[in-house]
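A.B. asks: Could you look at this predicted model? Sequence included:
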Amino acid sequence: MRWSLLLENLNIAWRSLRSQLLRTILTICIIGFGIFALVGILTSLDALSQSVSSTLGDLGANSFTIRNRTNWGFNTQRKNYPPIRLFEAEAFKEQFSFPGAVSISSQVTSTGVVKFQNKKTHPRITIIGVDEQYLGASGLNLSTGRPFNPSEAHDGAPLAIIGQDIFREFFSGKVAEEETIWLGKIRLRIVGVLEQKGSGGGINNDRQLLIPLNLVRRFISGDNTSYTLTISVTDPGLMTIASSEAEGLFRKIRRDQGPNESSFALEQSTGLLNQLDEIGGILRTGAFGIATIILLGALVGLLNIMLVSVTERTREIGVRKSMGATSNSIATQFLIEAVLICQLGGILGIFLGITLGNLIAIFLGGTFIVPWNWIMVAVFVCVLVGVSSGLYPALKASRLNPVDALRYE
């Protein structure tokens, strides 16, 4: 019986909304824009965060780096320290005995150009000098070929491991190994091709060109070359102990005295996620603020519409009461109308928010997601707005005297 009464109230509510089509559509659009602002921003943030998590997960939650600068943070400035010399990096690699792998690398440029026969890439290739441990420590795998061996890395042999973007541009459908490419005036023989990694959070491993570590000296001259240490441990649960031991050892190698600040930056691979969380927290607050302002406007507008509806349907309410309708059923009908309008606006806002949010995230290197948590929040918010704006009109309608209502002109 209750279900039949609910269905009847829904049917009456739907007919009432159709009879006030223009006002209904305007209110739905206002509510939809509020939910769109909320869901759209939060969807794009979650998609980007998931993409960065995946990218850094490939790098490994069990890895950290030692370099001569800190990463840029939203609330912090980048710090620069004296360059890390090759002999310091090699001393650390030799003395660090914690279970895991230590890799030494140095970035030559992020705007390199690679040539093959009469073709060349755009100036966006990242050139990195690496040792034999780099692939394992950085979470990179080869689709074909082999890594550098220790003697090739140490001697600076003219070899290269290429990313998928370079492979597709030069060798799509062909075998790249043993082919020759040019980096400036240096001829390099390809020995391996990296697996597809994609991009996320500003990181693109598919545009990398890896060369043996000591070959870097042929591109960079002077004393400003700085090397990066990447350390991965076998047990993620020992990360804190491993990073503390690494910091102590490298302070000793760098001769950092007692209470003085370390002359290098030690950062775990979760640093970018922490920065994204900082920015995301501010943007989420902004999204809730924008949505709240718009939904408050929608609440006032819907309240006025429901009050007008009560006035216009006074005789209808009187007829229903004279035929036995209770005050509760009248109040329920008007509440259902208010919630129904809000839910229609919510559906519109959720659809637009998911669509645009994911388009923004994909454009910035993220992945497509369906944010079920924010969808549930949006549905709850719509119910809350509907009940809040419909409660007073519903009570007013339920308290009408049927005799007075029937006489209303």
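C.D. replies: Perfect, I can see it now. Numbering: from 1, shown residues only.

A.B. asks: how many neighbours does Lys252 have?
C.D. replies: 12 (other CB atoms under 10 Å). The way it works is simple: take the backbone N, C-alpha and C, and place the C-beta from them, glycine included.

A.B. asks: sorry, that was for Thr285
C.D. replies: Thr285: 10 neighbours (other CB under 10 Å).

A.B. asks: immediately after the strand or helix carrying it, which helix or strand?
C.D. replies: Thr285 is located in helix 271-312, with elements delineated by DSSP states H and E. With elements assigned by DSSP H and E, the helix or strand that comes after helix 271-312 is helix 314-322.

A.B. asks: and the angle for the helix or strand that that next one is followed by with helix 271-312?
C.D. replies: The helix or strand immediately downstream of helix 314-322 is helix 327-363, counting by DSSP H and E. Angle, helix 327-363 to helix 271-312, by axes from the mean of the first three to the mean of the last three CA atoms, to 10 degrees: 150 degrees.

A.B. asks: quick check: angle from helix 327-363 to helix 314-322?
C.D. replies: With the same axes, to 10 degrees as the basis, helix 327-363 and helix 314-322 are set at 120 degrees to each other.

A.B. asks: Next secondary structure after helix 327-363?
C.D. replies: Next element after helix 327-363 (DSSP H and E): helix 372-398.

A.B. asks: distance between that next one and the chain's centre?
C.D. replies: Taking CA atoms, centre = their mean, to the nearest Å, one finds helix 372-398 lying 30 Å from the centre of the chain it belongs to.

A.B. asks: Return the set of buried residues in that helix.
C.D. replies: Under the neighbour-count criterion of 16 or more other CB atoms under 10 Å, helix 372-398 has 374-375, 377-379, 381-382, 385-386, 388-391, 393-394, 396-398 buried.

A.B. asks: Packing partners of the helix holding Thr285?
C.D. replies: helix 21-59, helix 327-363, helix 372-398 (3 or more CB pairs under 8 Å, 6 or more residues apart in numbering; DSSP states H and E).

A.B. asks: which of the ones you listed has the lowest average pLDDT?
C.D. replies: In terms of mean pLDDT, the lowest-scoring of the helices and strands packed on helix 271-312 is helix 21-59 (a mean of 73).

A.B. asks: quick one: least confident helix or strand in this protein?
C.D. replies: Lowest on mean pLDDT, DSSP states H and E among the helices and strands of the chain sits strand 199-200, with a mean of 50.

A.B. asks: Give me the distance from stretch 347-367 to the chain's centre.
C.D. replies: That offset, for stretch 347-367, works out to 11 Å (CA atoms, centre = their mean).

A.B. asks: Could I get the average pLDDT for stretch 107-115?
C.D. replies: Computed over stretch 107-115, the average pLDDT equals 88.

A.B. asks: ok, and for that stretch, which residues are buried?
C.D. replies: Neighbour-count burial for stretch 107-115 [16+ other CB under 10 Å]: 107-108, 112, 114.

A.B. asks: what does it rub up against?
C.D. replies: 120-129, 162, 166, 181-183, 209, 211, 216, 219-220, 228 (CB atoms under 8 Å, 6 or more residues apart in numbering).

A.B. asks: Report the buried members of these.
C.D. replies: Buried among those by 16+ other CB under 10 Å: 121, 125-129, 162, 166, 181, 183, 209, 211, 216, 219, 228.

A.B. asks: Check what pLDDT Ala89 gets.
C.D. replies: On the pLDDT scale, Ala89 gets 91.

A.B. asks: And the closest residue to Leu215 other than its chain neighbours, how close does it get to Phe148?
C.D. replies: Spatial nearest neighbour of Leu215, chain neighbours left out: Gly156 (3.9 Å); criterion: CB to CB, 6 or more residues apart in numbering. Gly156 is 10 Å from Phe148, where distance means CB to CB, to the nearest Å.

A.B. asks: With Val387 instead?
C.D. replies: In terms of CB to CB, Val387 sits 66 Å off from Phe148.

A.B. asks: Over to Met239?
C.D. replies: Counting by CB to CB - Met239 and Phe148 are separated by 27 Å.

A.B. asks: List the buried residues in whichever strand or helix holds Glu169.
C.D. replies: Using DSSP H and E, Glu169 falls within helix 164-171. Within helix 164-171, the residues scored as buried using 16+ other CB under 10 Å are 164-167, 170-171.

A.B. asks: which among these gets closest to Ser244?
C.D. replies: Nearest to Ser244 among the buried residues of helix 164-171: Gln164, at 36.9 Å, using CB to CB.

A.B. asks: Mind listing residues that contact stretch 380-395?
C.D. replies: Contacts for stretch 380-395 (CB under 8 Å, 6+ apart): 31, 35, 38, 291, 295, 298-300, 302-303, 306-307, 309-310, 330-335, 337-343, 345-346.
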